[in-house]
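Novice: Generate coordinates for the sequence data below:
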Amino acid sequence: AYHHPCNGGGAVTTATAENRKSVWEDPIQFNNKVKDLCTMSVTGQGDVTRLRISCQGAERTYWCEYTGKPQMCRAYNNNPRHYFTQIMWELRKLQNACQAPKAIKPQMCKRAPDDAQMLFSTSSTPEPTQAKPETPKAPIVKQAKPAAAKPAGAKPVKPAGNAKKIAQEYCWQSLQGICSYVISWFQN
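Specialist: Numbers count the residues shown, from 1 in each chain. This is a model prediction of the structure:
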């Protein structure tokens, strides 16, 4: 039976109530790699689902939001909380939980259409994943490195396996080729 998401949590099917907590009423908490305490909360059960990740560390507080239509994935409909738990497992590995790839598609929905993934929408800080390859936050005065100076006609080396891996992790699938090219250029 379908129950309108705005019914104030009234009637819920007993199977759902007994077997698992609702991801909408019970946010998922986790610690990331640098022990920031993070909370994942999910809103908007209608057409678009919004995932908000809020983190608090010793010296910083940050948040980001992803939106998507995870209901396009059959496995999600069977166990929505597990979908977001799988996302949490990936975010736990990061030093900043908001520096995940632009698109997150949990393992359980790998075969689902791309609409089922969660896409980065906004955050409290500018994201390295939005920019071109990640640049270290260093003073603007840079020391000249002899290796960095290339003659104008020099051809960049083909992307190393590492550049491809970084591109797969941080770039949209359609842009991974050009991303790995640019990353390898910066690496060399």
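Novice: C-alpha from now on. contacts and neighbour counts both.
Specialist: Fine.
Novice: For the chain, which segments count as helices?
Specialist: Ranges of helices in the chain, per DSSP state H, are 14-19, 74-78, 80-91, 161-170, 176-187.
Novice: Mean pLDDT lowest where, among those?
Specialist: Of all the helices of the chain, mean pLDDT reaches its minimum on helix 14-19 (a mean of 38).
Novice: Relative to residue 67, how far out is residue 49?
Specialist: Distance, residue 49 to residue 67, using Cα to Cα, to the nearest Å: 6 Å.
Novice: How about residue 92?
Specialist: 19 Å.
Novice: and if you look at residue 112?
Specialist: To residue 67, residue 112 is 16 Å away according to Cα to Cα.
Novice: In terms of neighbours, single out the busier of the two.
Specialist: Higher neighbour count among residue 112 and residue 67: residue 67, with 23 against 19, using other Cα atoms under 10 Å.
Novice: give me the beta-bridge partners of the more buried one?
Specialist: residue 50, residue 119 (DSSP bridges).
Novice: hang on, it packs against residue 121?
Specialist: Yes - look at residue 67 against residue 121 with Cα atoms under 8 Å: they come within range, at 6.4 Å.
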